[in-house]
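sequence first, then the predicted structure, then my questions.
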Amino acid sequence: MSSYFDSGFPPAWLDGSRRRPGRGFGDPFVDPWRRRELARREELARREELARREEEARREELARRRERARLEELRREELLARREEQARAEAQARREEQARREQARREEQARREELVRREEQARREEQARREEQAREVALAQAASDEATRALDAAAARLESTEGAPEAESIEAVRERLEREAGREIERQRRDVVLSFLDIVDDLERALDAMAPGPERDGVAMVRERFLTRLAEHGAKPIEALGEAFDPERHEAATVVAAPAGAHDGDVVQVLRTGYAMGDDVLRPALVAVARAA
């Protein structure tokens with residue numbers, strides 16, 4: 001009787017398709033060679049599964065790294081774009097600020113040149129008025145001197161011909177002419193000062209209409225110079241605000257209800273400044289007078 005070793009093929013029950021003869025029903029049997037084969041296949045399958053999982057993990061890690069690199073690149077590009085935009089905005093702001101400063105410098109230069117021009121014009125006008133006033137005073141003084149010389153000559157002739165009574169009358173005439181010459185000089189000074197008052201009024205109206213700034217300061221300085229020159233000639237503003245109405249020094253333009261703290265007949269507003277030379281009123285102050293209810 002030959003065995004399965006002689007045929008070269010294992011019997012059918014070795015591959016599990018059949019049960020081993022002589023065993024009871026339901027008792028499984030696996031040959032050791034089959035168990036090793038199954039273990040080898042399971043190990044191979046396990047290694048393949050492990051390799052597949054490692055490959056998947058490697059691919060996932062590579063994908064994550066690529067995604068992180070892409071996101072990092074996007075963040076770098078966005079950061080670079082923001083920095084470039086910020087740099088452009090700062091450069092634009094610097095250019096605009098420089099342009100504003102340049103414009104302000106030009107405006108300031110123009111204001112200074114305008115102020116200098118106005119001061120120079122005011123100085124020339126004042127110089128011209130001084131020269132005109134000096135000429136008028138010189139003419140008046142020359143006329144007075146001429147009249148004095150004529151009176152002296154007439155007095156000398158009368159003294160030599162008619163005696164002391166006539167000399168006394170000539171002296172009286174000379175004094176009268178001197179007084180008239182003095183009054184004429186004073187009248188001319190008064191006319192010159194009055195001509196200055198209109199300019200002071202224009203400067204005050206300009207100050208009321210101008211906003212604070214270098215130009216207004218320049219106009220105020222010119223006004224102060226005019227007031228100084230007027231004071232040198234004896235002309236000073238009349239104090240009216242808060243004073244009782246004086247018809248000799250004030251001119252009532254309107255009557256208003258008396259505000260709190262004011263009495264009937266008090267000056268509550270000065271519409272135009274008045275000026276006086278000593279006791280002589282050059283121009284009365286134009287005022288608003290309070291009336292008690």
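Nice, thanks for sending it over. Numbering: from 1, shown residues only.

kindly state the pLDDT recorded for the nearest residue to residue 200 once chain neighbours are set aside?
Nearest residue to residue 200 in three dimensions, chain neighbours excluded: residue 226, at 5.2 Å (Cβ to Cβ, 6 or more residues apart in numbering). (Glycine included, C-beta is placed from N, CA and C.) What the model reports as pLDDT for residue 226 is 82.

ditto for residue 155
At residue 155, pLDDT is 62.

go on, residue 290?
Looking at residue 290, the pLDDT reads 88.

next one: residue 97
93.

output the contacting helices and strands for the helix or strand harbouring it.
Take DSSP states H and E as the rule and residue 97 turns out to sit in helix 32-161. Helices and strands touching helix 32-161, by 3 or more Cβ pairs under 8 Å, 6 or more residues apart in numbering; DSSP states H and E, are helix 164-209, helix 214-232.

distance from it to the middle of the chain?
14 Å (Cα atoms, centre = their mean, to the nearest Å).

got the angle between that helix and helix 214-232?
Going by axes from the mean of the first three to the mean of the last three Cα atoms, to 10 degrees, helix 32-161 is angled at 20 degrees with respect to helix 214-232.

ok so, going back, contacting residues for the residue nearest to residue 200?
Counting by Cβ atoms under 8 Å, 6 or more residues apart in numbering, residue 226 touches 126, 196, 199-200, 203.

rerun that using 7 Å as the cut-off
196, 199-200, 203 (Cβ atoms under 7 Å, 6 or more residues apart in numbering).

swap in residue 252?
Contacts of residue 252 (Cβ under 7 Å, 6+ apart): 245, 287, 289.

distance of the residue nearest to residue 200 from residue 87?
Noted for residue 226: a distance of 57 Å to residue 87, by Cβ to Cβ, to the nearest Å.

also residue 274?
Distance, residue 274 to residue 87, by Cβ to Cβ: 66 Å.

who's more crowded, these two?
residue 274 (21 against 10; other Cβ atoms under 10 Å).

phi, psi for the more buried one please.
For residue 274, the backbone dihedrals (degrees, to the nearest 10) come out as phi -100, psi 160.

so where's the stretch 51-200 of the chain uncertain?
137, 140, 143-144, 147-148, 150-170 (pLDDT under 70).

just checking, what packs against the helix or strand harbouring residue 269?
In this structure, residue 269 sits in strand 267-272 according to DSSP H and E. Applying 3 or more Cβ pairs under 7 Å, 6 or more residues apart in numbering; DSSP states H and E, one finds that strand 267-272 contacts strand 250-257, strand 285-291.

restricting to C-alpha, output it in PDB.
Output of strand 267-272 as PDB, limited to C-alpha atoms (Å, rounded to 0.1, in the frame of the first residue of the first chain):
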ATOM      1  CA  VAL A 267     -23.100 155.100  27.800                       C
ATOM      2  CA  VAL A 268     -23.400 151.400  27.200                       C
ATOM      3  CA  GLN A 269     -21.800 151.100  23.800                       C
ATOM      4  CA  VAL A 270     -19.200 153.100  21.800                       C
ATOM      5  CA  LEU A 271     -20.000 153.000  18.100                       C
ATOM      6  CA  ARG A 272     -17.100 155.300  17.100                       C
END
